[in-house]
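>>> Following is a predicted model, sequence given first.
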Amino acid sequence: MSEKQLVAQAIAKALDGELSAEEILNLLENPKSKEHGDVAFPTFSLAKKFRKAPQMIAAELEEKLEKDAFENVEVAGAYLNFFLDKQKVSSATLSEIITLGEKYGQHEIGQNRKVPIDLSSPNIAKPFSMGHLRSTMIGNSLAKIYEKIGFVPVKINHLGDWGKQFGMLMTAYKKWGDKETVEKNPIQELLKLYVRVNAEAKQDEEIDAQGRAWFKRLEDGDPEAQELWSWFREESLVEFNRIYNKLGVEFDSLNGEAFYNDKMDEIVEILEEKNLLKESKGALLVDLEKYDLPPALIKKTDGATLYITRDLAAALYRKRTYDFYKVLYAVGNEQSNHFKQLKAVLAEMDFDWAKDIIHVPFGLITLGGKKLSTREGKVVLLEEVLDEADALALSQIEAKNPELANKEKIAHQVGTGAVIFHDLKNDRLNSFDFDLDEVVRFEGETGPYVQYTRARSMSILRKANFTLDVNVQYSLNDKDSWEVVKLLKQFPEIVVRAAEKYEPSVIAKHSIQIAQAFNKYYAQVRILDENEELPNRLALVHSVAVVLKESLRLLGVEAPDEM
């Protein structure tokens with residue numbers, strides 16, 4: 001039970017059921033100053049109900065409360081300030097962490113129901129850029145978080161392996177490409193061709209028409225178009241997999257857009273049966289005016305399909321295959337309208353599970369305040385950023401700890417981990433400017449800072465040669481350890497909150513708070529002093545190490561034992 005639930009139950013009992021514990025829970029606050037306790041209850045909202053001044057209500061409540069679970073309860077004007085029993089809370093918290101280890105914070109909310117997560121989804125024949133980082137790591141982290149609370153995540157890399165861009169690329173390759181040159185450096189050469197063809201299409205409408213024609217040939221099964229497409233796809237997957245290995249990301253499905261080519265006819269048939277399709281200048285669309293949305297274009301005039309046609313087929317396939325509880329799409333904020341249309345069309349098709357489609361939008365990564373664009377050639381390759389981050393981490397490790405074993409491996413865990421952590425510590429809807437020197441700092445609110453704090457805790461445990469005894473009730477009663485204990489106690493509800501909000505940053509920010517509180521504790525308390533409190537202090541250090549490692553794992557970041 002969280003401290004707020006404890007307080008809410010005590011107040012509900014004192015109020016003789018006038019308010020439920022759940023109603024009270026929504027009114028509780030965190031005091032701005034720790035001098036005002038651990039939980040505060042404002043009584044303003046009760047004034048009308050009880051026809052009394054809030055100050056009087058607070059004073060009367062204080063008299064009725066059972067205070068066994070609290071160290072102290074103080075009246076401060078209209079507020080009741082609760083001070084929790086440090087010894088009892090620390091004992092229960094440390095005992096739970098020591099007993100459960102990495103399973104601390106686990107829940108059975110999901111009941112093994114499936115949650116497919118659509119993430120990463122890079123486009124074939126284009127480089128894996130910084131722009132793909134957010135979808136990949138937000139989706140990967142949500143999979144770990146949902147697994148932690150009892151769901152079965154299904155990670156789907158819905159590869160962008162279909163669409164007009166392939167027609168454009170084929171046009172470019174046929175006009176200016178050379179097989180031998182492309183084979184030497186596939187992705188870079190294909191990118192050059194893609195950028196060139198888009199630039200020239202702006203000046204020459206004929207090139208754009210040729211791109212559309214090539215894509216139509218691909219859709220119609222033309223052997224030459226299919227051979228080029230397969231080649232582009234295979235070369236791309238080699239590069240993508242190398243980068244996924246660096247990031248520590250794996251998938252359960254690589255079914256991309258092309259997988260749904262033979263599944264779109266059924267969608268069109270259902271739409272026709274339900275009289276939902278309207279014709280407009282030879283194109284087929286679904287009117288979504290009642291949802292205050294523009295019409296969803298299902299087929300173009302030339303019969304070519306669109307993203308939404310394939311996404312409708314994908315949604316139906318996923319429901320049938322996984323019978324999902326809900327399906328998450330970690331896709332940029334700029335696609336919000338697309339997902340509103342997707343849900344609206346599925347609702348019009350009488351699929352009641354349309355409500356279970358959840359778009360998890362996020363902001364952009366910018367560099368120097370400028371948006372990245374593959375089409376215009378403004379590409380920052382993710383692999384180069386990760387390699388540079390690893391090198392930066394290695395240089396700092398060599399400066400701080402030159403004798404460290406496995407320096408290169410740890411530098412990768414720190415450098416790449418820093419890039420991932422920085423991405424996930426930002427509220428996902430916020431865009432942010434990327435500065436590598438800031439990201440890989442060992443000080444401040446960074447991944448390396450959290451990793452270093454955890455490594456420090458492991459170092460203390462090694463020096464103490466400490467062995468935990470699960471039968472011992474460890475507890476602490478001092479104000480220095482209390483801030484750390486409270487944060488450790490919050491971890492299980494932090495995991496649930498991150499899942500409910502689809503927000504890994506909740507866990508990243510909490511891990512920073514734990515690291516800051518523990519480092520303050522480390523600076524103020526001589527942890528390894530030999531006295532009767534030593535085992536209790538070491539139990540706290542152990543618990544910090546456990547929770548920080550699990551927090552980082554849920555973000556997709558490794559936690560080295562030494563740094």
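Nice, I can see it. All figures in this text were calculated on a predicted structure; none of them were measured in a lab.

>>> Could you report the neighbour count for the residue nearest to Lys263 when sequence neighbours are not counted?
Nearest in space to Lys263, with sequence neighbours left out and distances taken as CB to CB, 6 or more residues apart in numbering, is Ala313 at 4.1 Å. For glycine as for every other residue, the C-beta is placed from the backbone atoms N, C-alpha and C. A count of nearby residues for Ala313, using other CB atoms under 10 Å, gives 22.

>>> Then Glu227?
Around Glu227 there are 10 residues (other CB under 10 Å).

>>> Also Ala12?
Ala12 has 18 nearby residues by other CB under 10 Å.

>>> residue contacts, the closest residue to it other than its chain neighbours?
Distances taken as CB to CB, 6+ apart place Ala21 nearest to Ala12, at 4.2 Å, with adjacent residues excluded. Residues in contact with Ala21, defined by CB atoms under 8 Å, 6 or more residues apart in numbering, are 5, 8-9, 11-12.

>>> go on, Asn519?
453, 456.

>>> Point me to the helix or strand that includes it.
Element membership for Asn519, per DSSP states H and E: helix 505-524.

>>> Can you tell me which helices and strands the helix or strand hosting Thr136 packs against?
In this structure, Thr136 sits in helix 133-148 according to DSSP H and E. Packed against helix 133-148 by the contact rule (3 or more CB pairs under 8 Å, 6 or more residues apart in numbering; DSSP states H and E) you find strand 114-118, strand 152-156, helix 223-247, strand 327-330, strand 357-360, helix 407-425, helix 479-501, helix 534-555.

>>> elements contacting the fifth one?
Applying 3+ CB pairs under 8 Å, 6+ apart, one finds that strand 357-360 makes contact with helix 133-148, strand 327-330, helix 336-348.

>>> Can you add mean neighbour count, distance to Glu219 and mean pLDDT and give those back as JSON lines?
Shown next, in JSON lines, are the helices and strands packed on strand 357-360 (neighbours: other CB atoms under 10 Å; distance: least, CB to CB, whole Å; pLDDT from 0 to 100):
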{"stretch": "helix 133-148", "mean neighbour count": "25", "distance to Glu219": "26", "mean pLDDT": "98"}
{"stretch": "strand 327-330", "mean neighbour count": "24", "distance to Glu219": "24", "mean pLDDT": "98"}
{"stretch": "helix 336-348", "mean neighbour count": "19", "distance to Glu219": "21", "mean pLDDT": "98"}
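
>>> Put together a markdown table for the ones you listed, with distance to Arg320 on each row.
A markdown table is the format used below for the helices and strands packed on strand 357-360 (distance: least, CB to CB, whole Å):
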| stretch | distance to Arg320 |
| --- | --- |
| helix 133-148 | 21 |
| strand 327-330 | 12 |
| helix 336-348 | 13 |
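
>>> Tell me which residues touch Ser45, please.
Leu27.

>>> if we go to 10 Å?
With contact set as CB atoms under 10 Å, 6 or more residues apart in numbering, Ser45 has these partners: 19, 23-24, 26-27, 54, 57.

>>> any idea how far Lys489 is from it?
27 Å (CB to CB, to the nearest Å).

>>> Phe44 now?
Taking CB to CB, one finds Phe44 at 28 Å from Lys489.

>>> Mind checking the pLDDT average for the helix holding Asn519?
Averaged across helix 505-524, the pLDDT comes to 98.

>>> same question, stretch 393-402
Mean predicted lDDT for stretch 393-402 stands at 94.

>>> Alright, that wraps it up for me.
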